[in-house]
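A.B. asks: based on what follows, work out the 3D shape:
(2 chains)
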Amino acid sequence: NAGVMQNPRHLVRRRGQEARLRCSPMKGHSHVYWYRQLPEEGLKFMVYLQKENIIDESGMPKERFSAEFPKEGPSILRIQQVVRGDSAAYFCASSPQDSRNTEAFFGQGTRLTVV
Amino acid sequence: DQQVKQNSPSLSVQEGRISILNCDYTNSMFDYFLWYKKYPAEGPTFLISISSIKDKNEDGRFTVFLNKSAKHLSLHIVPSQPGDSAVYFCATGGTSYGKLTFGQGTILTVHP
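C.D. replies: From the prediction side, this is the model:
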């Protein structure tokens, strides 16, 4: 019973390039959340998706960031034209249901470094 | 606008003693509270949770206390073990679906 799988674990991009982060939720989970952790800070909510739908993207920066969760395949967090300030750990979490009171299970994260 | 605060960046405890980690929140709409543990280079791992209808939840060495009037929760670990050394995040939810609001984290070090 595999957990939440994120790849790559580490990603280095030059300024101006695109970064694609992938997340496969736990088996049976249809709800995916992306969080970002900047150095010395807690995790900040970015976006909540269900299959083929963005439910809440209130934590996403207005520009350059997008997310999708297609009918088939993993969820993708895409960052266009990366800047140094995008360097962070990006965590994906999944949950089995649309419940207000449930824990989310996290992947191991993707550490993005922009040089 | 920090809705969830962990005011102690770090805590050092001797093995066998009690570790107490604290967390304060501002939004009275939060009604579900969780603690996550995180090792370096890994994702957060769920530890224990409590809903607002309770004031205490216990799971083995871990107990979470909730004081709704003070908007304060704490995690007690007893006895503490060196393997407990990690970053501990409190998180709140319940306003909608599974979206969580995290504190900044407390680094716990348990000395042998």
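A.B. asks: wait, B:Cys18 touches B:Leu75, no?
C.D. replies: Not Cys; residue B:18 is Ile. No: checked against Cβ atoms under 8 Å, the pair B:Ile18 and B:Leu75 is beyond contact range at 10.6 Å. Just so you know, the C-beta spots here come from the backbone N, C-alpha and C atoms, and that holds for glycine as well.
A.B. asks: more crowded one of the two?
C.D. replies: Ranked by neighbour count (other Cβ atoms under 10 Å in any protein chain shown), B:Ile18 and B:Leu75 place B:Leu75 first, with 23 against 13.
A.B. asks: chain B contacts on chain A?
C.D. replies: A:4, A:6, A:31, A:33, A:35, A:40-45, A:48, A:55-56, A:91, A:93, A:95, A:98-109, A:111 (Cβ under 8 Å from any Cβ of the partner chain).
A.B. asks: wait, what's in contact with the nearest residue to A:Gly85 once chain neighbours are set aside?
C.D. replies: Using Cβ to Cβ, 6 or more residues apart in numbering or on different chains and skipping the chain neighbours, the partner closest in space to A:Gly85 is A:Val114 (7.9 Å). With contacts defined as Cβ atoms under 8 Å, 6 or more residues apart in numbering or on different chains, A:Val114 is in contact with A:Val12, A:Arg13, A:Arg14, A:Arg15, A:Ala19, A:Val82, A:Val83, A:Arg84, A:Gly85, A:Asp86, A:Ser87.
A.B. asks: try A:Glu52
C.D. replies: Remark: with contacts taken as Cβ under 8 Å, 6+ apart, A:Glu52 is in contact with A:Phe69, A:Pro70, A:Lys71.
A.B. asks: change it to 10 Å
C.D. replies: A:Glu68, A:Phe69, A:Pro70, A:Lys71, A:Glu72 (Cβ atoms under 10 Å, 6 or more residues apart in numbering or on different chains).
A.B. asks: so the fourth one sits against A:Lys51, correct?
C.D. replies: What it means is A:Lys71. Yes: between A:Lys71 and A:Lys51 there is a contact under Cβ atoms under 10 Å: 5.8 Å.
A.B. asks: show me which of those two is the more surrounded one.
C.D. replies: Counted by other Cβ under 10 Å, A:Lys71 and A:Lys51 do not tie: A:Lys51 has more neighbours, with 13 against 6.
A.B. asks: what sits closest to the most centrally placed residue in chain A if chain neighbours are left out?
C.D. replies: Most central in chain A under Cα atoms, centre = their mean is A:Trp34, positioned 3.5 Å from the mean C-alpha point. Closest residue to A:Trp34 apart from its sequence neighbours, by Cβ to Cβ, 6+ apart: A:Met46 at 4.4 Å.
A.B. asks: swap in A:Arg64?
C.D. replies: Distance criterion Cβ to Cβ, 6+ apart; nearest residue to A:Arg64, sequence neighbours excluded, is A:Gln80 at 4.7 Å.
A.B. asks: who are the contact partners of that neighbour?
C.D. replies: The contact partners of A:Gln80, by Cβ under 10 Å, 6+ apart, come to A:Gly16, A:Gln17, A:Glu18, A:Ala19, A:Arg20, A:Glu63, A:Arg64, A:Phe65, A:Ser66.
A.B. asks: ok, the fifth one - how many residues close by?
C.D. replies: To tie it back to what came earlier, the one meant is A:Arg20. Each residue near A:Arg20 was counted by other Cβ under 10 Å, and the total is 14.
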